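# show me the folded form of this:
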Amino acid sequence: MGTDIHTFVEQQQPDGTWEYVQWSSDVDHGPFDDRSYFRFGWLAGVRDHDVTPIAAPRGLPEHLSTPVQTMWTSAEEGGAHTPSWLTVAELTTFDYDQDAALTDGETYRDMLGPAYFEDLDELTDWDGESPCRVVFWFES
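Alright, predicted model coming up:
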């Protein structure tokens, strides 16, 4: 049995609240949700402990949208763990061209792969309209 990630996009509204934004027509699909243990380690120190996380797991953010809170409550009952979140601003300012930990000269860009950057490009477009964040957790 492996570990999976569940990711959800929230966008800040003019009144400061956060609203869930459906990533695709598939409700169970979100950005960065393919199984990559390097990515899991980089996002939250899950499964790949040889890579330094972009940020230590933070738990769920304040002012979580109702749909994401409902999904977390259900997932937590099923054993979900290590909830966290990152803003799109954090993701876009990271230096992806630096060497990734314990790799043979490969960069984070190499290790995260093209699909990651396709998702990041789409998030960046949304973030230009209003700040966005990615809320995520893992199931093993």
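# can you name the farthest residue from the center of this structure?
For the chain, the largest distance from the centre (Cα atoms, centre = their mean) belongs to D104, which lies 25.2 Å off.
# which pLDDT value goes with it?
Here, the pLDDT recorded for D104 equals 78.
# with the one 4 residues further on instead?
According to the model's per-residue confidence, Y108 sits at a pLDDT of 92.
# pretty sure it sits against G41.
No: counting by Cβ atoms under 8 Å, Y108 sits too far from G41 to count as a contact (11.2 Å). (Each C-beta comes from the backbone N, C-alpha and C, glycine too.)
# for the chain, just list every one of the helices.
37-44, 66-77, 88-93, 108-129 (DSSP state H).
# restricting to C-alpha, output the second one in CSV.
This file holds the C-alpha atoms of helix 66-77, laid out as CSV (Å, rounded to 0.1, in the frame of the first residue of the first chain):
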residue,chain,number,x,y,z
THR,A,66,-16.5,24.8,4.1
PRO,A,67,-16.1,22.2,1.3
VAL,A,68,-12.4,21.6,2.1
GLN,A,69,-13.2,21.4,5.8
THR,A,70,-15.9,18.8,5.1
MET,A,71,-13.5,16.8,2.9
TRP,A,72,-10.8,16.9,5.6
THR,A,73,-13.2,15.8,8.4
SER,A,74,-14.2,12.8,6.3
ALA,A,75,-10.6,12.0,5.3
GLU,A,76,-9.3,12.4,8.8
GLU,A,77,-11.8,9.8,10.0
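# low-confidence bits of the protein, can you list those?
The chain contains residues with pLDDT under 70 at 1, 25-28, 49, 102-103.
# out of the helices of the chain, nearest to Q22?
Among the helices of the chain, the nearest to Q22 by Cβ to Cβ is helix 66-77 (8.9 Å).
# buried sites along the closest one?
Of the residues in helix 66-77, V68, M71, W72, A75 count as buried by neighbour count, 16 or more other Cβ atoms under 10 Å.
# ok, now stretch 10-21?
E10, Q11, Q12, W18, Y20, V21.
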